[in-house]
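**Student:** Got a predicted structure plus its sequence, pasted below:
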Amino acid sequence: MSKPNKAKLQQQQKKGKKSTTTTTTKKELTSEEYIQQGEKYASEYHFDKALSSFENALELDSTNTLVMDTIGEILLENGDIEKAKTYFLKSIKTDPEDSPSKYMNLGQLVGGDDALNCYRKGIEIMERELKQLIKEQGSKYNDLQHIPRPLKSSIAHSEEEEEDNGDIIYESDEDDPIIILKQQLCSALCSISELYLTDQCFDDDAEDQCETNLKRAIGYSPNSPEPYSLMASMKISQVKNQEAIEYLNKSYQLWEHSDIDDRPEFDYRFNISLLFIELKENRTAVDILEQLVNEQDNIAELWYTLGVVYNNLNEPLSAQQCLLTSKELLKIAAPQGRDEELEQLTNTLLKKVEIDVSKLSPEEIEAFNNESEEEEIEGEEMDE
């Protein structure tokens with residue numbers, strides 16, 4: 001269940017909203033009690049039980065769009081796409097103005113103009129809610145205090161003292177409703193931009209729309225990596241590689257030193273490394289990929305890609321190690337299903353790299369082995 005929907009459901013319960021009917025089931029629970037039950041199951045990852053509880057709540061309160069949205073989200077999580085769609089559409093038909101989340105979720109399930117319309121409607125509602133929140137704060141609103149913060153750095157630094165000017169200070173971005181909305185707006189505008197990079201790329205104004213929406217996204221959340229990396233993708237498509245490098249570096253710098261729990265998702269970071277490789281920024285790609293294999297060392301494609309980059313950097317011994325690891329992982333995974341394409345790519349590059357290794361002097365090989373041993377010892381000491 002998304003955080004916005006969970007928060008709204010909790011607010012709804014606090015207000016003591018009555019069910020549209022007083023009829024009870026054999027368990028004699030009210031709609032609000034079924035919602036609480038569903039939230040408990042969802043928090044424990046018992047999604048089938050949560051789904052049943054929310055469906056019972058909806059039977060007692062048939063116009064509760066937040067419950068419809070929540071059911072849709074659980075179905076989406078379970079992979080039941082078509083049924084999820086029906087709940088989001090039903091919610092929109094029941095009350096088209098109460099929540100942006102149904103539009104954002106539905107936008108993921110449709111394509112082209114339909115997706116654009118969903119995202120735009122969701123953004124319209126979010127911007128309306130944002131204006132209302134700012135209005136409620138009145139003269140106490142300070143835009144600089146409601147900018148999503150950078151990701152926490154793993155590098156030690158002294159804590160800066162914050163002045164208390166009577167403004168509302170939140171311990172984290174997750175507690176600040178204005179920041180939450182700005183982050184959601186940033187994400188929604190990025191979703192629109194992605195459409196203009198893919199489904200809508202042949203529209204006459206695709207480039208202008210993509211850039212305009214990404215600049216709006218950066219305006220709402222200047223410390224979010226995603227709009228900068230999407231801007232880099234757009235610049236690559238325009239063959240403006242130097243501008244692409246600048247945007248991609250900006251994106252990477254926002255999470256380069258962040259704590260492991262605060263870094264962007266694994267797949268996102270892998271895709272960023274691929275963009276750096278495409279732009280021939282191989283050293284930065286190595287830094288990202290090495291970080292990824294330290295987090296998860298059993299993915300053959302990851303080791304193959306790292307082998308590719310070391311080969312690009314003319315470091316054949318490192319490339320050989322990575323490619324041999326990829327080959328071994330592919331062998332282990334073979335009984336569950338072979339990845340013949342990756343096997344071929346790995347073996348082809350490994351043959352080339354082994355030729356390069358054969359041309360190295362004994363001194364170069366010895367120096368590499370000594371360095372590897374030192375790094376291994378340092379790693380063991382850090383683990384202790």
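**Tutor:** Thanks, I have the structure now. Residues are numbered from 1 along each chain as shown.

**Student:** C-alpha from now on. contacts and neighbour counts both.
**Tutor:** OK.

**Student:** Quick check, central residue of this structure?
**Tutor:** residue 265 (5.3 Å; Cα atoms, centre = their mean).

**Student:** Could you check how far it is from residue 70?
**Tutor:** Counting by Cα to Cα, to the nearest Å, the gap from residue 265 to residue 70 is 23 Å.

**Student:** check which helix or strand covers residue 119.
**Tutor:** helix 112-137 (DSSP states H and E).

**Student:** Can you name the next helix or strand after that helix?
**Tutor:** Assigned by DSSP H and E, the successor of helix 112-137 is helix 177-197.

**Student:** ranges for the helices of the stretch 1-150 of the chain?
**Tutor:** 3-14, 31-43, 47-60, 65-77, 81-94, 101-109, 112-137 (DSSP state H, counting those that start in this stretch).

**Student:** Save those helices as TSV, and put in mean pLDDT and distance to residue 250 too.
**Tutor:** As requested, the helices of the stretch 1-150 of the chain are arranged in TSV below (pLDDT from 0 to 100; distance: least, Cα to Cα, whole Å):
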stretch	mean pLDDT	distance to residue 250
helix 3-14	62	28
helix 31-43	95	35
helix 47-60	96	38
helix 65-77	96	32
helix 81-94	97	36
helix 101-109	96	27
helix 112-137	95	25
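
**Student:** Same list (these) but as TSV, adding mean neighbour count and distance to residue 270.
**Tutor:** TSV is the format used below for the helices of the stretch 1-150 of the chain (neighbours: other Cα atoms under 10 Å; distance: least, Cα to Cα, whole Å):
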stretch	mean neighbour count	distance to residue 270
helix 3-14	15	26
helix 31-43	21	29
helix 47-60	21	29
helix 65-77	23	23
helix 81-94	18	27
helix 101-109	23	22
helix 112-137	17	26
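
**Student:** Just put those in JSON lines and tack on distance to residue 226.
**Tutor:** Compiled in JSON lines, these are given as follows (distance: least, Cα to Cα, whole Å):
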{"stretch": "helix 3-14", "distance to residue 226": "20"}
{"stretch": "helix 31-43", "distance to residue 226": "28"}
{"stretch": "helix 47-60", "distance to residue 226": "30"}
{"stretch": "helix 65-77", "distance to residue 226": "23"}
{"stretch": "helix 81-94", "distance to residue 226": "26"}
{"stretch": "helix 101-109", "distance to residue 226": "17"}
{"stretch": "helix 112-137", "distance to residue 226": "17"}
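
**Student:** With respect to residue 218, which of these lies nearest?
**Tutor:** Evaluated with Cα to Cα, the helices of the stretch 1-150 of the chain place helix 112-137 nearest to residue 218, the distance being 14.7 Å.

**Student:** Who are the packing partners of the helix holding residue 119?
**Tutor:** Contacts defined by 3 or more Cα pairs under 8 Å, 6 or more residues apart in numbering; DSSP states H and E place helix 112-137 against helix 101-109, helix 177-197.

**Student:** angle of that helix against helix 177-197?
**Tutor:** Per axes from the mean of the first three to the mean of the last three Cα atoms, to 10 degrees, the angle that helix 112-137 makes with helix 177-197 is 160 degrees.

**Student:** By mean pLDDT, flag the weakest helix or strand of this protein.
**Tutor:** helix 3-14 (a mean of 62; mean pLDDT, DSSP states H and E).

**Student:** Tell me which of the helices of the stretch 1-150 of the chain lies nearest to residue 148.
**Tutor:** Closest among the helices of the stretch 1-150 of the chain, using Cα to Cα: helix 112-137, at 14.0 Å.
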